[in-house]
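Enquirer: After the sequence you'll find the predicted model.
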Amino acid sequence: MTRDYSEAGDHLISTRPVLVSRYRWFTRANHWIIAATTILLMLSGLAFFHPALFGLTALFGGGQMARWLHPFLGLVLALGYLLIFIQLVARNLPRRDDVVWVKHFRDVMDQNEEKLPTLGKYNAGQKFVFWAMAGLILLLLGSGIAIWQEYFPDLVTIPDRRIAVLVHAAAAVLMGLVFILHVYAAIWTRGTLRAMTRGSVTGGWAWRHHRKWLREVAGRNRGKPAK
Amino acid sequence: MTTRAPEPTTAAANPPVQPMEVNLLPSDVVRASAMPNLPAPDRQLTKVAKLIDVSKCIGCKACQSACIEWNDTQPELGVNVGVYENPHDLTPDMFTLMRFTEYENPQTGDFEWLIRKDGCMHCEDPGCLKACPAPGAIVQYSNGIVDFIHENCIGCGYCVTGCPFDIPRVSKVDHKSYKCTLCSDRVAVGQGPACAKACPTQCISFGPKDEMLAHAEDRIADLKARGYENAGIYDPQGVGGTHVIYVLHHADQPSLYAGLPDDPQISPLVQGWKGPAKTVGLAALGLAAAGAVLHGLLSRPNRVQPEDEMQAQALVNGGAEDRA
């Protein structure tokens, strides 16, 4: 069976009403670990980023503790994201539909759904978040290890450390912006959050936003007894 | 009632013996890391400097011993790898280090043994202080001394990144950064630094910076008279001048002396990292978050319509092509 727009695990949970499984438990657990570590990383990182926010270190038990914890949280984030990357990369490769979607971004915001192309599991915005986070996490990981004083004090030269701190800070700001975009889009597009909580979305949501994905998943369901 | 200690004008004199109150106060701090709005101090201390006349150094390491003794550090016993430096680099327990360079002068054909006492230069514009994210972990007093306040240090190593001279060392034991204090605790009670006190050739001297500069000029005149035509002072203006200054016989080539930077300055990368870019970055995040909240409140959310559910139902149950 062809699988152009969906993951193997995506399936109909019920047909009346239509409920579609979008993320299995492992993916959801991993997502929330990533989300939690990202938030903790942003809180501790912002404390080092700007003097006005140094007080955030109190959340971690002081400056020394925050400085110690931050890189380990970063490793957890990088590992978690690596897993999600491997799982989802195939469905996040750019397609021709994405170009059309981006060209009609005005219509996306104005909700002129009839003017938008029908899509697979992800739209270009979701793919952007996926790739932006992948790239930024890679940058943050590399630059972060280069400035990890406790374990890698002599890994790179001091002039290279100066590049690394700059890259780390800039990538962190961009990561924060992508994070805001991701959270906002998930809330603005009602019915999305449940994909990461209960793991399922309604048929209407799938029809409205990811019709090719719904068609493919529904097509796989044919021949199975109706529930 | 004890009196405040006088500001020290030399390291050579013996210290006063009567008890005296410290005279280097928290209120004398003119700059502190990650504390941009520090109140202006109510007095200005005399700017001090340590002058290291490289031409008079005999490499005896008395300064290192005095430094270890006064600061009560316990440098690890090292191994001899065939060079004179001992230990081989600055460490969290060794704030100053004699660096030895063998130099064959192409002009004269002479072999020269250049010995430089390395350690914190106490920059007027300190890169470590600029880079440090922990409020009050690095301070600069109005007499020019740059000091690390260890109880505020978080051990991130940003001072290492910021320093143009590769001086701070972060301890593996307590994860705090260490360097020469210019004996701020001695200066506070009217005494010069331990290294200057111990130096047998008075290669290291200490006092008000203008007096040290005048003394340096005398020394340079003497060196020039003896054929060192490039003798000069090392008080690099790229970091606003320093409160540890050198007299070099080859002031035209500071890097001859175990890589002393020719034109040290806070790296533009560090300036960019710590400058207005921070505020811009923070503002971008704040605006994005505020914009998202505002858009969320004011705009119409994208809701799934009953029509969508019917279409999905038809697709799944009918198994037919959609009609949209």
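Expert: Yep, that arrived.
Enquirer: Which one of the residues in the stretch 151-300 of chain B is closest to chain A?
Expert: B:Gly157 (3.1 Å; CB to the nearest CB). For every residue, glycine as well, the C-beta is placed using N, CA and C.
Enquirer: For that residue, give me its contacts.
Expert: A:147, A:149, A:153, B:168, B:170, B:177 (CB atoms under 8 Å, 6 or more residues apart in numbering or on different chains).
Enquirer: residue boundaries of the strands in chain B?
Expert: B:29-32, B:48-53, B:97-104, B:111-118, B:138-141, B:146-148, B:169-170, B:177-178, B:204-208, B:232-234, B:244-248 (DSSP state E).
Enquirer: Now render the ones you listed as CSV, adding distance to chain A, mean pLDDT and mean neighbour count.
Expert: Converted to CSV, the strands of chain B look like this (distance: least, CB to the nearest CB, whole Å; pLDDT from 0 to 100; neighbours: other CB atoms under 10 Å in any protein chain shown):
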stretch, distance to chain A, mean pLDDT, mean neighbour count
strand B:29-32, 10, 97, 18
strand B:48-53, 23, 98, 26
strand B:97-104, 17, 96, 16
strand B:111-118, 15, 96, 18
strand B:138-141, 12, 98, 26
strand B:146-148, 14, 98, 25
strand B:169-170, 6, 98, 20
strand B:177-178, 9, 98, 26
strand B:204-208, 26, 97, 24
strand B:232-234, 20, 98, 20
strand B:244-248, 19, 98, 25
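Enquirer: Save these as JSON lines, and put in distance to A:His70 too.
Expert: Below are the strands of chain B laid out as JSON lines (distance: least, CB to CB, whole Å):
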{"stretch": "strand B:29-32", "distance to A:His70": "23"}
{"stretch": "strand B:48-53", "distance to A:His70": "37"}
{"stretch": "strand B:97-104", "distance to A:His70": "32"}
{"stretch": "strand B:111-118", "distance to A:His70": "32"}
{"stretch": "strand B:138-141", "distance to A:His70": "20"}
{"stretch": "strand B:146-148", "distance to A:His70": "21"}
{"stretch": "strand B:169-170", "distance to A:His70": "15"}
{"stretch": "strand B:177-178", "distance to A:His70": "17"}
{"stretch": "strand B:204-208", "distance to A:His70": "40"}
{"stretch": "strand B:232-234", "distance to A:His70": "38"}
{"stretch": "strand B:244-248", "distance to A:His70": "34"}
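Enquirer: Tell me which of the ones you listed lies nearest to A:Gly125.
Expert: When these are compared by CB to CB, strand B:169-170 sits nearest A:Gly125, at 42.7 Å.
Enquirer: Can you list the strands that the closest one pairs with?
Expert: strand B:177-178 (antiparallel) (DSSP bridges).
Enquirer: Is it correct that B:Cys60 is in contact with B:Pro200?
Expert: Yes: the pair B:Cys60 and B:Pro200 qualifies as a contact (CB atoms under 8 Å) at a distance of 6.4 Å.
Enquirer: who's more crowded, these two?
Expert: For B:Cys60 versus B:Pro200, neighbours defined as other CB atoms under 10 Å in any protein chain shown are more numerous around B:Cys60 (15 against 11).
Enquirer: can you tell me which residues contact the more buried one?
Expert: B:Pro200.
Enquirer: now it: how far from B:Met98?
Expert: 8 Å (CB to CB, to the nearest Å).
Enquirer: Which pLDDT value does the model give residue 154?
Expert: As the question left the chain open, I've gone with chain A. A:Asp154 carries a pLDDT value of 95.
Enquirer: nope, chain B
Expert: 98.
Enquirer: Not counting sequence-adjacent ones, nearest residue to it?
Expert: A:Gly63 (3.5 Å; CB to CB, 6 or more residues apart in numbering or on different chains).
Enquirer: Hmm, the one you found is touching A:Thr57, no?
Expert: Yes: in this structure A:Gly63 lies within contact range of A:Thr57 using CB under 8 Å: 4.6 Å.
Enquirer: and for the two, which residues touch both?
Expert: Common neighbours of A:Gly63 and A:Thr57 (CB under 8 Å, 6+ apart) are A:47, B:154.
Enquirer: Could you find the closest non-adjacent residue to A:Pro51?
Expert: A:Pro51's closest residue in space is B:Ala34 (CB to CB, 6+ apart), at 3.7 Å.
Enquirer: Roughly how far does that neighbour sit from B:Phe100?
Expert: 38 Å.
Enquirer: go on, B:Pro16?
Expert: Applying CB to CB to B:Pro16 and B:Phe100 gives a distance of 37 Å.
Enquirer: Which elements pack onto the longest helix along chain A?
Expert: The residue-count maximum for a helix in chain A (DSSP state H) belongs to helix A:158-188. Packing contacts for helix A:158-188, counted by 3 or more CB pairs under 8 Å, 6 or more residues apart in numbering or on different chains; DSSP states H and E, involve helix A:25-49, helix A:124-146, helix B:158-162, helix B:268-274, helix B:276-298.
Enquirer: Same list (these) but as JSON lines, adding mean pLDDT and mean neighbour count.
Expert: Formatted as JSON lines, the helices and strands packed on helix A:158-188 follow (pLDDT from 0 to 100; neighbours: other CB atoms under 10 Å in any protein chain shown):
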{"stretch": "helix A:25-49", "mean pLDDT": "97", "mean neighbour count": "18"}
{"stretch": "helix A:124-146", "mean pLDDT": "98", "mean neighbour count": "19"}
{"stretch": "helix B:158-162", "mean pLDDT": "97", "mean neighbour count": "28"}
{"stretch": "helix B:268-274", "mean pLDDT": "94", "mean neighbour count": "19"}
{"stretch": "helix B:276-298", "mean pLDDT": "93", "mean neighbour count": "13"}
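Enquirer: Take these and write them to CSV, including distance to A:Pro159.
Expert: As requested, those are exported to CSV (distance: least, CB to CB, whole Å):
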stretch, distance to A:Pro159
helix A:25-49, 21
helix A:124-146, 11
helix B:158-162, 10
helix B:268-274, 8
helix B:276-298, 19
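Enquirer: ok, the spatially most central residue of chain B to A:Ala172 distance?
Expert: Nearest residue to the geometric centre of chain B (CA atoms, centre = their mean): B:Cys128, 4.4 Å. Separation of B:Cys128 from A:Ala172 (CB to CB): 22 Å.
Enquirer: Then B:Pro133?
Expert: B:Pro133 is 13 Å from A:Ala172, by CB to CB.
Enquirer: Then B:Ala134?
Expert: Taking CB to CB, one finds B:Ala134 at 18 Å from A:Ala172.
Enquirer: For those two, indicate the residue with more neighbours.
Expert: Using other CB under 10 Å as the criterion, B:Ala134 and A:Ala172 rank with B:Ala134 on top: 27 against 23.
Enquirer: Low-confidence ranges, chain B, go.
Expert: Scanning chain B for pLDDT under 70 picks out the ranges B:1, B:319-324.
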